[in-house]
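# Have a look at this prediction, sequence included:
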Amino acid sequence: MAACRMGVLAAAILIACCAPARGQTAPPACTAAPAPPGGVKTKVDDAFTTESTKAFTPAVLTLSWTLPNVDRNHPGNIPSAFAIEAGSDRGLSDVGIAQTAGTELTFVTPMANGTYYVRVRSVNACGQSETSKESRVRIRNSVEKGQPNPFVILSTVHATRERLANQAYVQVKGLVRNGWLGAPAPFVAVRASFEGSNGGLGVTGTAFVNGSSRRLQRSRIVTDTVIEPGGTGCFLIYAEFPAGQVTGLGLIASADRFETQPLAGRVEMDGGMSMKADQFDGLLVSGRLKNSGQVATRLNELWVEARDGAGQVLDCHGTSAHGADVTLGDGLTTRTGLAPAASGAFENATEAVFSMTHLLRQWITWDEADGATMPMVTPQYTALKKKLIELLDGDPQATSPQEIAQAREALRAEARAIEQRLTTSAGQ
C-alpha cells in the first residue's frame, strides 16, 4: 500500500503546473523576537519494502504547525523561518536541530526507531521565540540508529517533459533527506520508475544525489555524493522516452554503507552572492569562493538548489570556481585550484526560472591534495574525470546540462565500483 501511495503522490506532482511564486523581498527590520508557533501536529508514515526491488524505505515523520498570532501592524515581529528541535526526552534537543529555508509550515524527515520529543520555534533577525507545545512521537519498524536512511521528500519533486535535439525525455528534480540519527550516506542513488497512461512503460532512471564532500576510506577518492546525518541533497534525473506519454512515477532512494572521512580543508563564500535574471529569465548566481583552511583545495564548486513557492525543486546545479591551474596527476590539469587564503570567482547559470524562484539553498564541495596517499584510481576513472573537467572548464553555453550530468554520473559510478572492489577484497 505504501508503494502505491508514493506512486499516486508522485503522479500528481508530475502533471501539476506551477504558478509563478512571489519575487524575493527583504524581510522588514525586526522589532522583537516572534511569538511561538501553534498547533504543532505529528504524522508518521510507516516503513515498507517493495517486492520488486527489495529497497527499504525508513519511517517518515511529518511535522506541521500554524503561524503565531502576531500584530500585523508590526511586520517586524513576523517570523522569517522556523527552528525544529528533537530530543530523546522532554525539553532536550540532543537528537537534532533543523531550520526551514523560509516560512514553510511543515518539515519532513526520515526517522530511526525510538521515542522522540519534538517542538518548533519561530525565528527572525531579532532571535528565537519560546518553543511550541511539545509533542511525543514513537517510531517503530524503521531502521536502527546509526544506519543511513535517505528518503525522497515527495513534496519537493518537480518533473517536466523536455526535448533535446530529436530526443524526448522527462527531467525529474527533488530533495533527499538523511535522518538525524543516521550515518553519513555516500552514493545515495534515486531510482525513478515511470508509468504511462496504459500501464508501465518499462523505463527507469537513476541518479546519484548531489551532496557534500567526503573521502572514501579505502580508495582515498573524494566523492561529492554524501548526505550528512540530518542533511539534505538534491538530485537530477534525465530519462529518455520514444514519446512523451508519461503520467506518473515512483521514487526510491538508497545508500551504500562505505566508510568515509571528513575533509580537512574549508571553503566558504567570500562576501555576498548575487542573484539576478539572465536574458531568458533564468536564475544566474555569482560570487566568489575562498579557501579559509590550511590545506590547498581543488575542484571547488558552488551548488545551488532553487525551489518555487510550492517547495518544488526547480534546479539542482553546480559550477566551478575559477582559481589557479593545478595538476591532479596523470596529466590532468584544472583551473579550479585555491591555495590557503586564495579566492576564485564563480557564475552559476541555472535552469531555474528567476521569477519562479522562492527559496535558494547553496553549499560548497571541493577536493584537496593528499600528499601521503594517492587515490587508487583506474585508467577508466582517469579518463572519465578528464572528460568532466573539460566540460566544467569549457564554455558553459556550448555544453548542455544533460551532458554534464551524464559525465558526473559516469565518474561517480566508477568511483563507487573502485570502492566496492576494495571493500569486498578487504572482507575476504
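Sure thing, it's come through.

# who does Y238 bridge with?
Q171 (DSSP bridges).

# quick one: it and K173 touch, right?
No - at 10.2 Å, Y238 does not count as touching K173 under the criterion of Cβ atoms under 8 Å. No exception for glycine: its C-beta is placed from N, CA and C like everyone else's.

# So these two - more neighbours on which side?
K173 (25 against 20; other Cβ atoms under 10 Å).

# Going by neighbour count, which residues in whichever strand or helix holds that one are buried?
Taking DSSP states H and E as the definition, one finds K173 inside strand 167-177. By neighbour count on 16 or more other Cβ atoms under 10 Å, the buried set for strand 167-177 is A168, Y169, V170, Q171, V172, K173, G174, L175, V176, R177.

# Same question for stretch 99-111.
By 16+ other Cβ under 10 Å, the buried positions in stretch 99-111 come out as T100, G102, E104, F107, V108, T109, P110, M111.

# quick revisit: export only the CA atoms of the following helix or strand past the strand holding K173, formatted as PDB.
Counting by DSSP H and E, the next helix or strand C-terminal to strand 167-177 is strand 189-196. Only the C-alpha atoms of strand 189-196 are listed here, as PDB (Å, rounded to 0.1, in the frame of the first residue of the first chain):
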ATOM      1  CA  ALA A 189      21.000   6.900  -5.500                       C
ATOM      2  CA  VAL A 190      17.500   7.800  -6.500                       C
ATOM      3  CA  ARG A 191      15.600   5.400  -8.800                       C
ATOM      4  CA  ALA A 192      12.600   6.600 -10.800                       C
ATOM      5  CA  SER A 193      10.100   4.200 -12.200                       C
ATOM      6  CA  PHE A 194       7.900   5.800 -14.900                       C
ATOM      7  CA  GLU A 195       4.300   5.000 -15.600                       C
ATOM      8  CA  GLY A 196       2.200   5.600 -18.800                       C
END
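
# quick check: angle from strand 189-196 to strand 167-177?
130 degrees (axes from the mean of the first three to the mean of the last three Cα atoms, to 10 degrees).

# Mind listing residues that contact strand 189-196?
7, 11, 53, 55, 152, 170, 172, 174, 176, 200-201, 203-209, 235, 237, 239, 241, 245-255 (Cβ atoms under 8 Å, 6 or more residues apart in numbering).

# Where does R335 fall, secondary structure wise?
Short version, using DSSP H and E: R335 is in strand 332-337.

# Off-centre distance for that strand?
25 Å (Cα atoms, centre = their mean, to the nearest Å).

# Who are the packing partners of it?
Applying 3 or more Cβ pairs under 8 Å, 6 or more residues apart in numbering; DSSP states H and E, one finds that strand 332-337 contacts strand 297-307, strand 324-329, helix 379-393.

# re earlier: now which of the contacts of strand 189-196 would you call buried?
Looking at the contacts of strand 189-196 with 16+ other Cβ under 10 Å, the buried ones turn out to be 7, 11, 152, 170, 172, 174, 176, 201, 203, 205, 207-209, 235, 237, 239, 241, 246, 248-255.

# The nearest residue to V188 once chain neighbours are set aside: what's it in contact with?
Leaving aside its sequence neighbours, V188 sits nearest to V209 (Cβ to Cβ, 6 or more residues apart in numbering; 4.1 Å). For V209, the contact set (Cβ under 8 Å, 6+ apart) comprises P150, V176, V188, A189, V190, T225, I227, G233, C234, F235, A253.

# for the third one, what are its contacts?
The contact partners of V188, taken as Cβ under 8 Å, 6+ apart, are 148, 150, 176, 178, 208-209, 211, 225-227, 233, 253-255.

# What about the residues you listed, which are in helices?
The members of the contacts of V188 all map outside helices under DSSP state H.

# Same list (those residues) but as TSV, adding distance to Q217 and pLDDT.
Converted to TSV, the contacts of V188 look like this (distance: Cβ to Cβ, whole Å; pLDDT from 0 to 100):
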residue	distance to Q217	pLDDT
P148	15	90
P150	20	93
V176	23	96
N178	19	95
F208	18	96
V209	20	97
G211	17	96
T225	15	97
V226	12	96
I227	17	96
G233	20	96
A253	22	91
S254	20	89
A255	15	91
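
# okay if I get the residues you listed as a markdown table plus distance to K43?
Below are these laid out as a markdown table (distance: Cβ to Cβ, whole Å):
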| residue | distance to K43 |
| --- | --- |
| P148 | 23 |
| P150 | 20 |
| V176 | 20 |
| N178 | 20 |
| F208 | 29 |
| V209 | 25 |
| G211 | 26 |
| T225 | 30 |
| V226 | 29 |
| I227 | 23 |
| G233 | 24 |
| A253 | 20 |
| S254 | 24 |
| A255 | 24 |
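
# Can you flag which of the buried residues of stretch 99-111 belong to strands?
F107, V108, T109, P110, M111 (DSSP state E).

# Relative to L332, which of the residues you listed is nearest.
P110 (37.6 Å; Cβ to Cβ).
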